[in-house]
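K.L.:
following is a predicted model, sequence given first.
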Amino acid sequence: MFRLFHATIKTCMLLRHSPKPLTLLFPLFLHSSPPTPTYCSLLSQPSLQFHPFSTHPYHPFLSTLLLALKSSSSVSFCRIIHAHVIKSLDYRDGFIGDQLVSRYLKMGATQDAHLLFDEMPDKDFVSWNSLVSWFSKSGQLGYCLSVFCKMKSDSELKLNDLGFISVISACVYEKACREGYYVHCCAVKFGMVFEVKVVNALINMYGKFGFVESSFKLFWEMPESEKSVVSWNSIVAVCAQNGMPNEAFHCFDMMKVNRFFPDEATMVSLLQACENLPLGRLVEGLHGVIFTCGLDENITIMTTLLNLYSKLGRLSDSRKVFGEIQKPDKVTWTAMLAGYAMHGRGKEAIEFFERIVSQEGMEPDHVTFTHLLSACSHSGLVKEGKYYFQVMYDVYKVQPRMDHYSCMVDLLGRCGLLNDAHELIKNMPLEPNSGVWGALLGACRVRGNIDLGKESAEKLIALDPSDPRNYIMLSNMYSAAGLWSDASKVRSLMKTNVLTRNPGCSFIEHGNKIHRFVVDDYTHPDSHRIHKKLEEVMRKIREVGFVSETESILHDVDEEVKIDMIAKHSEKIALAYGLLVSSADMPIVIMKNLRICRDCHNTAKFVSMVEKQTIIIRDTKRFHQFSDGLCSCGDYW
């Protein structure tokens, strides 16, 4: 770099003191044709030597400046090259003006880039679109729109699709709805709504803004002959992103009817849609489509599929998919580690982590350690969790983040080490967030520590006074301790702030449908059979020693009433339905929108033993796999 800088200054001095035209400075190269040098050989010369690449008299000097510009690492160096251009060349030569503008932008010298761009005499589509595209990619919507408006006002320029797409992308990045509307209006005015790429970008934009109807209107108004695979992928993605899985698969069916072949973007969107429509058979069907279309070697698709199987409670299928990936990358390894953590397989997660680090050479990052510490937390592995929290920075140089502290507080709290968890929070180098205090509050509720729980709840309410979960947790703690008056005050505060909690519900798949149950639910067509089965199962497990844990009912009522109330929880009703419709060799998989209570957890353990059936329940925290009277969580949740 020093030689290049020295050579540039030397050339500048020649230009300054020599009255001769540039053509006379390089007679040797104008009358001979030496072999073209490499870029490295140019840098190794004690001074710049110019070699002709064309018959243009200035081209050797221009080529050298372009090479120097490409290697420049500071704004001041760019300005030196800029000075050479002003003195000796024309901006139109070899797009040197465009190159300088681009380099200034990469250096962050926005004002220099603007001034130079305004001085350029002959700006074409490439010049304008390059500037708009750069501002779009760097997330500078204001500059992007400013340049776009100048383009629009230039009577000699006819706007093309590239400029519109760049501005639309900037609007999406900044979530700028009004600016997006404005660009759409401009597209209509200039006739760009007949350009497929622009319409695709607008469909994506409205989908990201949540205006699904506008996306569909644009899509269906597009002539069928004009729609591309990108158009179909865009509308499928809009449905998936906005929680409309049925519509996403309907569009996919229409896509196939119109003879469009699904690609990576199609499959990733459909797999994401399955997260909102947890049908195992549907995922199996997509798995088959992936193989049929030859997409099973696509690591992005296979990683998404692996992750989805984990979220459906099918960890064994996740392992199979992982085994089918020939060259897994860090994202794939991390997804598999997250699966082990989600299912409470702490020891397996540690073994997997050690293997991929020692044998595969993976360099773990903060995401890797978040899942590893979460796995330790869900399995009660205190010693191991402390060890990995220590070596995270000491060995792997990964700075602890908020998620890591949250996992450690959760781990210590679950194991009853509340004081240690509290000390960790007080000594954190970061300001604790709701995740950290929430982990401590949950542990305080389980362990019945009212004083520390109250402090945690107050911190949480101060951080987010609109979250009803914090009030409910504190109210439940008071109720569990028999402090009914304090519990009532917290509930009254919730009413004053107009805060409501989502009702608990459980979901189970059968017959290509998702069946939803709430507390004391009698709305299902088979309700009579379901409740009869539930009574039968509860009688069986009581005969072998099951006793209801009425501590989960936090109301000031008689014990008999509590037992009746707790027997009608949504996951128990869903479990009874699963026993009716499932074969003994297939696991019953139940999804729940709230954390499972202790009584339902014990019920599932006893039912798995009596009925000889595997039961998998996913709550908001993790998966619980019940088999032969035991749970995979080891009663840590």
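P.N.:
That came in fine, so what should we check first?

K.L.:
could you find the closest non-adjacent residue to the residue positioned nearest the centre of the chain?
P.N.:
Centroid-nearest residue in the chain: Gln272, 11.0 Å away (criterion: CA atoms, centre = their mean). Spatial nearest neighbour of Gln272, chain neighbours left out: Ala240 (4.7 Å); criterion: CB to CB, 6 or more residues apart in numbering. Where you see a C-beta, it was placed from the backbone N, CA and C, and this is true even at glycine.

K.L.:
can you pull the contacts of that neighbour?
P.N.:
Residues in contact with Ala240, defined by CB atoms under 8 Å, 6 or more residues apart in numbering, are 248, 269-270, 272-273, 276.

K.L.:
quick revisit: who touches the strand or helix carrying the residue nearest to the centre of the chain?
P.N.:
Using DSSP states H and E, Gln272 falls within helix 264-273. For helix 264-273, contacts defined as CB under 8 Å, 6+ apart pick out 229-230, 232-233, 236-237, 239-241, 244-245, 248-249, 252, 255, 262, 283, 286, 289-290, 293, 295, 298, 300-301, 304-305, 308.

K.L.:
of all the contacts of Ala240, which comes closest to Glu354?
P.N.:
Comparing those against Glu354 with CB to CB picks out Gln272 as the nearest, at 31.1 Å.

K.L.:
and the pLDDT at that closest one?
P.N.:
What the model reports for Gln272 is a pLDDT of 86.

K.L.:
that one and Arg314: what is the separation?
P.N.:
To Arg314, Gln272 is 17 Å away according to CB to CB, to the nearest Å.

K.L.:
which residues of the stretch 401-550 of the chain score low on pLDDT?
P.N.:
480, 498-501, 550 (pLDDT under 70).

K.L.:
now the chain
P.N.:
Residues of the chain meeting the criterion pLDDT under 70: 1-75, 77-78, 80-140, 143, 154-158, 278, 480, 498-501, 550-565, 636-637.

K.L.:
thinking again about what came up before, so how far is Glu458 from the residue nearest to Gln272?
P.N.:
Distance check for Ala240 against Glu458: by CB to CB, it reads 40 Å.

K.L.:
Leu312 too?
P.N.:
Per CB to CB, Leu312 is found 38 Å from Glu458.

K.L.:
the more surrounded of the two?
P.N.:
Taking other CB atoms under 10 Å, Leu312 and Glu458 do not tie; Leu312 has more neighbours (23 against 14).

K.L.:
need phi/psi at the more buried one.
P.N.:
Note on Leu312: backbone dihedrals following degrees, to the nearest 10 are phi -90, psi 0.

K.L.:
quick one: it and Arg281 touch, right?
P.N.:
No - with contact defined as CB atoms under 8 Å, Leu312 does not reach Arg281; the gap is 10.6 Å.

K.L.:
highest neighbour count among the contacts of Ala240?
P.N.:
Leu270 (28 neighbours).

K.L.:
roughly how far apart are it and Arg542?
P.N.:
Taking CB to CB, one finds Leu270 at 45 Å from Arg542.

K.L.:
then Ser434?
P.N.:
Ser434 is 40 Å from Arg542, by CB to CB.

K.L.:
pick out whichever of these two has more residues nearby.
P.N.:
It is Ser434, of Ser434 and Arg542, that has more neighbours when counted by other CB under 10 Å, with 19 against 12.

K.L.:
burial count for the closest residue to the more buried one other than its chain neighbours?
P.N.:
Nearest residue to Ser434 in three dimensions, chain neighbours excluded: Leu463, at 5.0 Å (CB to CB, 6+ apart). For Leu463, the neighbour count with other CB under 10 Å is 17.

K.L.:
and for Leu162?
P.N.:
Residues near Leu162, counting by other CB under 10 Å: 17.

K.L.:
before we move on, which element is it in?
P.N.:
helix 161-174.

K.L.:
distance from that helix to the middle of the chain?
P.N.:
Computed by CA atoms, centre = their mean, to the nearest Å, the chain-centroid distance of helix 161-174 equals 21 Å.

K.L.:
now the helix or strand the residue nearest to Gln272 falls within, how far from the centre of its chain.
P.N.:
Element membership of Ala240, judged by DSSP H and E, is helix 229-241. Distance, stretch centre to chain centre, for helix 229-241: 18 Å (CA atoms, centre = their mean).

K.L.:
now the element after that helix, going C-ward?
P.N.:
Per DSSP H and E, helix 229-241 leads on to helix 245-257 as the next helix or strand towards the C-terminus.

K.L.:
which other helices and strands contact that following helix?
P.N.:
Contacts defined by 3 or more CB pairs under 8 Å, 6 or more residues apart in numbering; DSSP states H and E place helix 245-257 against helix 229-241, helix 264-273.

K.L.:
could the ones you listed go into CSV alongside distance to Phe219?
P.N.:
Formatted as CSV, the helices and strands packed on helix 245-257 follow (distance: least, CB to CB, whole Å):
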stretch, distance to Phe219
helix 229-241, 5
helix 264-273, 14
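
K.L.:
what ranges does this structure have for its strands?
P.N.:
505-510, 513-518, 588-592, 615-618, 623-627, 630-631 (DSSP state E).

K.L.:
among the ones you listed, which is nearest Val198?
P.N.:
Here strand 513-518 is closest among the strands of the chain (CB to CB), at 37.9 Å.

K.L.:
my guess is Leu381 meets Glu348, correct?
P.N.:
No - Leu381 lies out of contact with Glu348 (CB under 8 Å); the separation is 11.3 Å.

K.L.:
higher neighbour count, the two?
P.N.:
Taking other CB under 10 Å, Leu381 and Glu348 do not tie; Leu381 has more neighbours (22 against 18).

K.L.:
quick check: that one vs Phe389, distance?
P.N.:
Distance, Leu381 to Phe389, by CB to CB: 11 Å.

K.L.:
same question, Val230
P.N.:
Val230 is 45 Å from Phe389, by CB to CB.

K.L.:
look at those two and report which has more neighbours.
P.N.:
Phe389 (21 against 17).
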